[in-house]
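A.B. asks: Predicted model and sequence follow; I will ask about them next.
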Amino acid sequence: MAESKKEPRGWRDLPFAALPYKLSLEYKTGSWRAFKPVIDQGKCVKCMTCWVFCPDFAILWDGEKISVNYDYCKGCGICAHECPVKAIEMVPETKKV
Ligand code: SF4
Ligand code: SF4
């Protein structure tokens, strides 16, 4: 008679799997990007909506202007979609800006 499979009862019963063990600061996710957000400073009204919505905390504010930390921006385009004045354009990485 076949032995019935034992259901996991806690985390110690789960099989080993791959887990990231470094700080997220060490994973520069910008290298995944196919499109980059480019901010038109003339249109930007500094509302910080892009900062609120960016899932990677890649929008920077230096007290005067908004910019993008391209080391961590993975090019999802959420900031461009949410910007109320359409000040952010998603540009192919292959295009020089
Ligand atoms: S959402 Fe648009 S207008 Fe608002 S801070 Fe960002 S780039 Fe500027
Ligand atoms: S493209 Fe995505 S990851 Fe990059 S700054 Fe905009 S919201 Fe953040």
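C.D. replies: Great, that's in hand. Ligands and ions are numbered 1, 2, ... in the order given.
A.B. asks: Run through who's touching stretch 5-19.
C.D. replies: Outside stretch 5-19, not one residue touches it by CB atoms under 8 Å, 6 or more residues apart in numbering. Yep, even glycine has a C-beta here, placed from its N, CA and C like the rest.
A.B. asks: For residue 83, which residues are in contact?
C.D. replies: 49-50.
A.B. asks: tell me which parts of this structure are close to ligand 1?
C.D. replies: Applying CB under 6 Å from any ligand atom, we find that the chain lies next to ligand 1 at 39, 44-50, 66, 83, 85, 87-88.
A.B. asks: Now the buried members of those residues.
C.D. replies: Buried by 16 or more other CB atoms under 10 Å: 39, 49-50, 66, 83, 87-88, out of these.
A.B. asks: From those, which land in strands?
C.D. replies: 39, 66, 88 (DSSP state E).
A.B. asks: And the residue nearest to the spatial centre of the chain, what's its pLDDT?
C.D. replies: For the chain, the residue nearest the mean C-alpha position is residue 56 (3.3 Å; CA atoms, centre = their mean). pLDDT for residue 56: 91.
A.B. asks: Could you do residue 16 as well?
C.D. replies: 76.
A.B. asks: Kindly report the same for residue 27.
C.D. replies: Note for residue 27: predicted pLDDT of 82.
A.B. asks: what about it, how many residues close to it?
C.D. replies: By other CB atoms under 10 Å, 12 other residues sit near residue 27.
A.B. asks: where's it relative to residue 54, distance?
C.D. replies: Going from residue 27 to residue 54 by CB to CB, to the nearest Å gives 16 Å.
A.B. asks: tally of neighbours for residue 30?
C.D. replies: For residue 30, the neighbour count with other CB under 10 Å is 18.
A.B. asks: ok, it touching residue 68?
C.D. replies: No - using CB atoms under 8 Å, residue 30 makes no contact with residue 68, being 9.3 Å away.
A.B. asks: shared neighbours, those two?
C.D. replies: Taking CB under 8 Å, 6+ apart as the contact rule, residue 30 and residue 68 both touch residue 58.
A.B. asks: hmm, back to that, now the ones in strands among the buried ones among the residues of the chain next to ligand 1 as JSON lines including pLDDT?
C.D. replies: Output for those, formatted as JSON lines (pLDDT from 0 to 100):
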{"residue": "39", "pLDDT": "98"}
{"residue": "66", "pLDDT": "97"}
{"residue": "88", "pLDDT": "98"}
